[in-house]
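Chemist: Just a sequence and a predicted model for now, questions to come.
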Amino acid sequence: MYWKRYKSLLLWLSLWLWLSLWLWLSLTLSGCANRGVGPQGGPVDSIPPVVVKEDPVNGTLNYHEKDRKIEITFDEYVQLNNVSKNLLISPPQLVLPDVKVFGKKVSVTFAEPLLDSTTYTLEFGQAICDYHEQVPLQSYTYSFSTGDWIDSLCIAGYVVNSADLNPISGVIVGVHRDSSDAMFTKFPFMRIARTDSTGWFCVNNLAPGRYRLFALNDMSADYCYQPGEGLAFMESMIAAYQPSDSVVEVPTLWYFNENKQRTYFQRWKREKAHRVQLLFSAPMTETPRWRSLRPSEVDSTRSDSAWVDWLDYTWVQKNERQDTITLWLTDSAAIRQDSLWLELSYLKSDSMGQLRPQMDTLTIVYRAPRLSAKAKAKVERTAKNRKLSIQSNAKNAFDIYLPLQLSMETPIDSMWIDKISLWQRVDTALQPLPLKLAATDSSRMSYAIEHVWEPKASYELHVDSAAFRDMYGVVNDSMGWKWTIKSLEEYATLRIRLKHFVPQARVQILNDKDQVLRDEPATPDGTLFKYLAPKACYVRMYIDKDNNGEWTTGDWDSKRQPEPVYYFPSKLMLRANWDFEEEFDHLALPQLDSKPQVLVKDAATATKK
């Protein structure tokens, strides 16, 4: 009876045990099967690939393999990262070797014949990474020699931007054994290195001897200097005869860009129907010449019957840099033409950087925006009723040392000074002041009013209607501006005394972005800077050797180094209504250590010079 009562319970218990055993076996077998898939999660691999084999071995002597090939095997699958940028080979190869990856192996096959009795060095930088996480193998170097020994001397140092003492990264540093200047401009370097983010370089595997050292922003990728490339050079030869594995440290290489740009015509712009701009790559030493072309001179099927020489009715404007010429068209027929033809004669740099006459034929096209009839009518009404717009820098809290400026959107043909008046408000009354108004550009689009402003004083400028008339006969409406001068209590004053006075020194005040705010000649009793904003600032000085009132870069042709620059090592906190005085000992610290660290940046990341 009891057996019958518990029989069904035992059956259900047995079934539950079998199901539990089946489920356990399923999960176990599934886990075993998944092991073949690879790691499931876990920490990210941060270990770079490890070299397990080199063929031939690193440091091989008397290497004369016919296929000029090396193979490097790693402990994991690898990939290549920007080989042309990261791989550096000495002696430099004008034809980059064929670099390939096969699983865990990297092969390098030289395209150029190997030189006899020469040490070859391959610096991979970050060219080799693991396959999954792209963790780079840092600073891996492979060397071999086609002779009986590996050369082991090194010349090392820093490349620094001469204008602001910032390190220069990513530039080539190379050596020649010949002291001739022609080696730098006509022949590739015999051995090279590349600067790191601190500007540091080390030209490795040099044979004992004397070398001349250069740095180069090698944009042409030919390992020799071309005009327009940034550079640095040492005038004297470097002796490298120390025992094996020694490093010869050299003085800082002062990197600079010459004030020599290749001159060529870049392009034309005709964004407005009445204005043509001619853009050049560099300031023009001589004004280009031009003449308008008849339609028949461009296309024999065109007629010259309605042609008018539009240049006879054109205003010419040059910008301050002398690299842009604007032609303002006044002939209505020419303005309506969608195409104008111009013959342009100018001086263009040849391959050697010399200026040679050049003549170009330009087809200058204006593409009017597509407008509906209603929108086009509105544009025409606006143009018909246009008034000359005048902008000014007048505002409240006006700086006491600034001139008042007026700027127009088109060249001015005529001005009536009696319709312009300057006033000072005293109590509630306006008192007239003498007016000195002068154009500040060749096309008379900008004007300045020079006046000795009084602190806290209020001023007004009144311009009557038709005081200015532009080249199209458009005049201004009456307008005026009001402004108040800052008080002297809102400024700080700073005097910089040089402990070791240099007559040719100039002192600069900089903001927190290393930009020049003021530049004044040094004086024996200290350089005084008035009307400074109560902010943090920095101080820099340079030796103005050519006495031209500005910092001068270097020059390769004359073998002139850039003018030396020194930083005051601390930030100065200026306060309103305070007078500050600081003594600047530019010889107290090494030149490179004087610049405040907060201002130090890799110059190559901002602009590759």
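Modeler: Nice, I can see it. Not measured: the values here are computed from a predicted model.

Chemist: And for residue 513, the neighbour number?
Modeler: 8 (other Cβ atoms under 10 Å). For every residue, glycine as well, the C-beta is placed using N, CA and C.

Chemist: Residue 451 and residue 318, how far apart?
Modeler: According to Cβ to Cβ, to the nearest Å, residue 451 and residue 318 sit 28 Å apart.

Chemist: my bad, residue 345
Modeler: 16 Å.

Chemist: and if you look at residue 275?
Modeler: 14 Å.

Chemist: likewise residue 156?
Modeler: For residue 156 relative to residue 318 (Cβ to Cβ), the value is 48 Å.

Chemist: same deal with residue 496?
Modeler: The separation that residue 496 has from residue 318, given Cβ to Cβ, amounts to 37 Å.

Chemist: More neighbours: which of those two?
Modeler: Using other Cβ under 10 Å as the criterion, residue 496 and residue 318 rank with residue 496 on top: 23 against 16.

Chemist: which stretches of the protein form helices?
Modeler: 2-34, 83-86, 182-186, 295-298, 332-336, 373-384, 603-606 (DSSP state H).

Chemist: Wait, residue 268 touches residue 280, no?
Modeler: No. Residue 268 lies out of contact with residue 280 (Cβ atoms under 8 Å); the separation is 10.7 Å.

Chemist: Surely residue 483 and residue 399 touch.
Modeler: No. Applying Cβ under 8 Å as the test, residue 483 and residue 399 come out as separate, 10.2 Å apart.

Chemist: Mind checking which of those two has more residues around it?
Modeler: Remark: of residue 483 and residue 399, residue 483 carries more neighbours, 18 against 14, as counted by other Cβ under 10 Å.

Chemist: Now do the contacts for the more buried one.
Modeler: By Cβ atoms under 8 Å, 6 or more residues apart in numbering, the residues touching residue 483 are 394, 395, 396, 398, 404, 458, 459.

Chemist: what's the spacing between residue 404 and residue 490?
Modeler: 19 Å.

Chemist: And the two? Which one has more around it.
Modeler: residue 404 (20 against 17).

Chemist: what's the distance between the closest residue to the more buried one other than its chain neighbours and residue 395?
Modeler: Leaving aside its chain neighbours, residue 404 sits nearest to residue 449 (4.2 Å; criterion: Cβ to Cβ, 6 or more residues apart in numbering). With the distance defined as Cβ to Cβ, residue 449 ends up 14 Å from residue 395.

Chemist: Could you do residue 578 as well?
Modeler: Residue 578 is 25 Å from residue 395, by Cβ to Cβ.

Chemist: neighbour count winner among the two?
Modeler: For residue 578 versus residue 395, neighbours defined as other Cβ under 10 Å are more numerous around residue 578 (14 against 11).

Chemist: which residues touch that one?
Modeler: Contacts of residue 578 (Cβ under 8 Å, 6+ apart): 492, 493, 534.

Chemist: number of nearby residues for the second one?
Modeler: The one in question is residue 493. By other Cβ under 10 Å, the burial measure for residue 493, its neighbour count, is 16.

Chemist: so what's it bridging to?
Modeler: Bridge pairing for residue 493 (DSSP bridges) gives the partners residue 579.

Chemist: looking at it, it is touching residue 530, isn't it?
Modeler: Yes. Taking contacts as Cβ under 8 Å, residue 493 lies within contact range of residue 530: 5.4 Å.

Chemist: just the strands in the stretch 351-500 of the chain please.
Modeler: 355-365, 390-392, 404-408, 412-415, 420-426, 429-433, 437-439, 446-449, 458-463, 468-470, 479-484, 492-498 (DSSP state E, counting those that start in this stretch).

Chemist: Partner strands of the longest one and their direction?
Modeler: Spelled out, it's strand 355-365. Strand pairing for strand 355-365, determined by DSSP bridges: strand 339-349 (antiparallel).
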